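Asks: Based on what follows, work out the 3D shape:
(2 chains)
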Amino acid sequence: EAGVTQSPTHLIKTRGQQVTLRCSPISGHTSVYWYQQALGLGLQFLLWYDEGEERNRGNFPPRFSGRQFPNYSSELNVNALELEDSALYLCASRSRGHNEQFFGPGTRLTVL
Amino acid sequence: GNSVTQMEGPVTLSEEAFLTINCTYTATGYPSLFWYVQYPGEGLQLLLKATKADDKGSNKGFEATYRKETTSFHLEKGSVQVSDSAVYFCALSGERDQAGTALIFGKGTTLSVSS
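Replies: Coordinates of the predicted model:
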């Protein structure tokens, strides 16, 4: 069974640009979560999507947004990039009725 | 609000030594508890979980017991290997009726095992 996949693996952008990260959940999983792992800040929850709807978001500004498609894959969009957005962005998926989340390998974003 | 506290690292051990990584939590009710492991350059892998008090999660020689009375979920392994070198994260999520809530992570503990 394929795990959670994310693309791209690495990304380099400059301040003010916009970026889109992509995530495909494990087959049969309907919930997708996005987390940010920034140096010194640990793992912080960004967004949760389930059945195509945004269910919850963490303490991040509105320039962090996303969506979930009918096939349950998801995109994370970050507008007006700032230097402190440099981080590893992790996507996780979860199946209905279970609590555990399974993570993808992440996308490493560097903002110059 | 809910929170997780892990012992500060790094933890440096010799091969075959006993490992304990402490984790305590603050939460209302009965959250589910998890240990995740992150190898260099990779995402997080679920190591083990426990969903109710006195449950013991185990996997690959690692164990952790959900202790409601001490609000703890310490990770242990009897004999570590060099391949266990990684960062370990303790995490919690909501109760069953809050299934789907985001994970709250501790800051992570770096384990380095030498041969």
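Asks: which residues in chain B form strands?
Replies: B:3-6, B:11-14, B:19-21, B:23-26, B:32-38, B:44-50, B:56-59, B:62-65, B:75-77, B:86-93, B:104-105, B:109-114 (DSSP state E).
Asks: residues from chain A in reach of chain B?
Replies: A:4, A:6, A:31, A:33, A:35, A:42-43, A:45, A:48, A:50, A:55-56, A:58, A:90, A:92, A:94, A:97-106 (C-beta under 8 Å from any C-beta of the partner chain). Placement of C-beta: from N, CA and C, glycine included.
Asks: ok, residue A:30 - how many residues close by?
Replies: Counted with other C-beta atoms under 10 Å in any protein chain shown, the neighbours of residue A:30 add up to 16.
Asks: which SS class is the residue most central in space within chain A?
Replies: The residue lying closest to the centre of chain A (C-alpha atoms, centre = their mean) is residue A:34, at 3.3 Å. Classification of residue A:34 using DSSP: H, G, I helix; E, B strand; the rest coil returns strand.
Asks: Nearest residue to it in space, please, no chain neighbours.
Replies: Distance criterion C-beta to C-beta, 6 or more residues apart in numbering or on different chains; nearest residue to residue A:34, sequence neighbours excluded, is residue A:46 at 4.1 Å.
Asks: ok, back up a step: and the residues of chain A next to chain B, which of them are in strands?
Replies: By the criterion of DSSP E, membership of these in strands covers A:6, A:31, A:33, A:35, A:42-43, A:45, A:48, A:50, A:55-56, A:90, A:92, A:94, A:102-103.
Asks: which among those residues end up buried?
Replies: Among these, those classed as buried by 16 or more other C-beta atoms under 10 Å in any protein chain shown are A:6, A:31, A:33, A:35, A:42-43, A:45, A:48, A:50, A:90, A:92, A:94, A:102-103.
Asks: thinking again about what came up before, the residue nearest to the centre of chain A and residue A:107, how far apart?
Replies: 10 Å (C-beta to C-beta, to the nearest Å).
Asks: which residues do these two both contact?
Replies: Contact criterion C-beta atoms under 8 Å, 6 or more residues apart in numbering or on different chains; residues shared by residue A:34 and residue A:107: residue A:89.
Asks: ok so, going back, make a markdown table out of the strands of chain B and add mean neighbour count and distance to residue A:78.
Replies: Formatted as a markdown table, the strands of chain B follow (neighbours: other C-beta atoms under 10 Å in any protein chain shown; distance: least, C-beta to C-beta, whole Å):
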| stretch | mean neighbour count | distance to residue A:78 |
| --- | --- | --- |
| strand B:3-6 | 18 | 26 |
| strand B:11-14 | 14 | 34 |
| strand B:19-21 | 17 | 33 |
| strand B:23-26 | 18 | 30 |
| strand B:32-38 | 25 | 22 |
| strand B:44-50 | 20 | 21 |
| strand B:56-59 | 14 | 34 |
| strand B:62-65 | 20 | 35 |
| strand B:75-77 | 20 | 33 |
| strand B:86-93 | 24 | 23 |
| strand B:104-105 | 22 | 21 |
| strand B:109-114 | 16 | 28 |
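Asks: Which among the ones you listed is found nearest to residue A:27?
Replies: With C-beta to C-beta, the closest approach to residue A:27 among those belongs to strand B:44-50: 17.1 Å.
Asks: for the closest one, what is the average pLDDT?
Replies: Strand B:44-50 shows a mean pLDDT of 96 in the predicted model.
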